[in-house]
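1. next input, structure requested:
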Amino acid sequence: MNVKPLGLRRLARQDIDKAIDFYLAEAGVMVATQFIDSLESSLIRVQNHPLSGSTRYAHELGISGLRTVTVGKFPQLVFYVEKDDEIDIWRVLHGARDLPAWLSKPGN
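-> Coordinates of the predicted model:
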């Protein structure tokens, strides 16, 4: 199995930082740590099985190759595209957001 490196876009990194800050402020260190662990597990799953993510938003948004995986029990979704040389992580967004609007922001 050829495991590709992850490439996190600037907005994905910002999304992750905001989620961690939110969980720290609203639920404490334990929940924030659980989020980080769940995110790491989701990213490892994407690396090992990039085709396992849902293509639902690819169809809705007309973005070829876009896939999503959930972050464990948390409401965030990891949006990514598999490229020849890496897994391109676009965003890590809360599932209740207006996802088409957030994914069309400049920088994606």
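2. what packs against the top helix by length along the chain?
-> Counting by DSSP state H, the longest helix found in the chain is helix 29-48. Judged by 3 or more CB pairs under 8 Å, 6 or more residues apart in numbering; DSSP states H and E, helix 29-48 is in contact with strand 6-8, helix 10-26, strand 66-71, strand 74-82, strand 87-94. Yep, even glycine has a C-beta here, placed from its N, CA and C like the rest.
3. which residues does it contact?
-> By CB atoms under 8 Å, 6 or more residues apart in numbering, the surrounding residues in contact with helix 29-48 are 1, 3-6, 16, 19-20, 23-24, 52-53, 69-74, 76, 78, 80, 87, 89, 92.
4. buried ones from those, can you make that a PyMOL selection?
-> Command for PyMOL that selects the buried part of these, burial taken from 16 or more other CB atoms under 10 Å:
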select buried, resi 4+6+16+19+23+53+69+70+71+74+76+78+80+87+89+92
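5. which ones are touching Val69?
-> Val69 touches Ser42, Arg45, Val46, Ser52, Gly53, Ser54, Leu77, Val78, Tyr80, counting by CB under 8 Å, 6+ apart.
6. so who does the fifth one touch?
-> Contacts for Gly53 (CB under 8 Å, 6+ apart) come out as Val46, Arg67, Thr68, Val69, Val78, Tyr80.
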